[in-house]
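**Q** Fold the following and give me the result.
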Amino acid sequence: MSKAGLSAAQAEGGGGYRCMPRAEIADGRYAVRAVEPAHIEAIRRWRNAQIDVLRQAAPISPQQQADYYAREIWPTKQAAEPRNILLIYLEDGEPIGYGGLVHIAWEHRRAEISFLLDPAVPRSDAELGALFAQFLKLMKELAFRDLGFIRLHTETYAIRHVHIATLEACGFRREGCLRHHVIIGGRPTDALLHGCLAGDDAAE
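**A** The predicted model follows:
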């Protein structure tokens, strides 16, 4: 894609998702809103630095990132039922990560949660857990309150102990284990499946 073509595609990605009743969902210092073209280079770096915990086989180039968003994300922002809703995660108005609702099945009113923080900022396990818990709270508000979904689910590699503990503390029930689902650092690693229903006691 030429520079002119790239600029045009990025310009198309501005604004929020038509399907979201609120452009921004906020709780205190934290908020989520639609990913915009200005965010995708940071997201690319965050993803490339954490390939081991993602469904990503190789580093993404800047052009690959721009092409993906131009093809898969920007055109769907105005769709009534996009397959993915990608959101930038803000702390005091500054991006600290991203994620959202992915692999959405509108006909079944369910979605998978995606979540990734900027790894360049040192954080303790307690801080990581608190930020993930806050993000889950915002996702429940978007999915259950704003969009009327009935189920959220996740798939987490077993090495991510903080994420798994946080999911279960936030009302996500362990629903299954994909044994030796991936190879991480040369070792077969399980993937754990969690789910949360709109009617679960801890769901908000």
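
**Q** rest of the way, CA atoms for contacts and neighbours
**A** OK.

**Q** Could you name the helices and strands sitting against whatever helix or strand I96 lives in?
**A** Under the criterion of DSSP states H and E, I96 resides in strand 94-105. Secondary-structure packing of strand 94-105 (3 or more Cα pairs under 8 Å, 6 or more residues apart in numbering; DSSP states H and E): strand 85-91, strand 110-117.

**Q** List just the one of those that sits closest to H180.
**A** strand 110-117 (20.8 Å; Cα to Cα).

**Q** Now do that closest one and strand 94-105, the angle between them.
**A** Between strand 110-117 and strand 94-105, the angle formed by their directions is 160 degrees, by axes from the mean of the first three to the mean of the last three Cα atoms, to 10 degrees.

**Q** how about the CA coordinates for strand 110-117, as PDB?
**A** The C-alpha trace of strand 110-117 is given here as PDB (Å, rounded to 0.1, in the frame of the first residue of the first chain):
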ATOM      1  CA  ARG A 110     -21.700 -14.000  23.400                       C
ATOM      2  CA  ALA A 111     -18.100 -12.900  22.900                       C
ATOM      3  CA  GLU A 112     -14.500 -13.700  23.900                       C
ATOM      4  CA  ILE A 113     -12.500 -11.100  25.900                       C
ATOM      5  CA  SER A 114      -9.100 -10.000  24.600                       C
ATOM      6  CA  PHE A 115      -6.700  -8.100  26.800                       C
ATOM      7  CA  LEU A 116      -3.100  -6.900  26.600                       C
ATOM      8  CA  LEU A 117      -1.100  -4.300  28.600                       C
END
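
**Q** List the neighbours of it that are in contact with it.
**A** 46-47, 96-105, 132, 139, 149-154 (Cα atoms under 8 Å, 6 or more residues apart in numbering).

**Q** if we can go back for a sec, just put the helices and strands packed on strand 94-105 in a markdown table and tack on mean neighbour count, mean pLDDT and distance to V162.
**A** Output for the helices and strands packed on strand 94-105, formatted as a markdown table (neighbours: other Cα atoms under 10 Å; pLDDT from 0 to 100; distance: least, Cα to Cα, whole Å):
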| stretch | mean neighbour count | mean pLDDT | distance to V162 |
| --- | --- | --- | --- |
| strand 85-91 | 22 | 97 | 19 |
| strand 110-117 | 21 | 96 | 13 |
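
**Q** Dump the ones you listed into JSON lines; add distance to G171 as well.
**A** Formatted as JSON lines, the helices and strands packed on strand 94-105 follow (distance: least, Cα to Cα, whole Å):
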{"stretch": "strand 85-91", "distance to G171": "21"}
{"stretch": "strand 110-117", "distance to G171": "14"}
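
**Q** follow-up on the earlier one: now the strand holding I96: buried residues?
**A** Residues of strand 94-105 classed as buried by neighbour count (16 or more other Cα atoms under 10 Å): 95-102, 104.

**Q** cool, and stretch 188-197?
**A** Those would be 189-197, for stretch 188-197 by 16+ other Cα under 10 Å.
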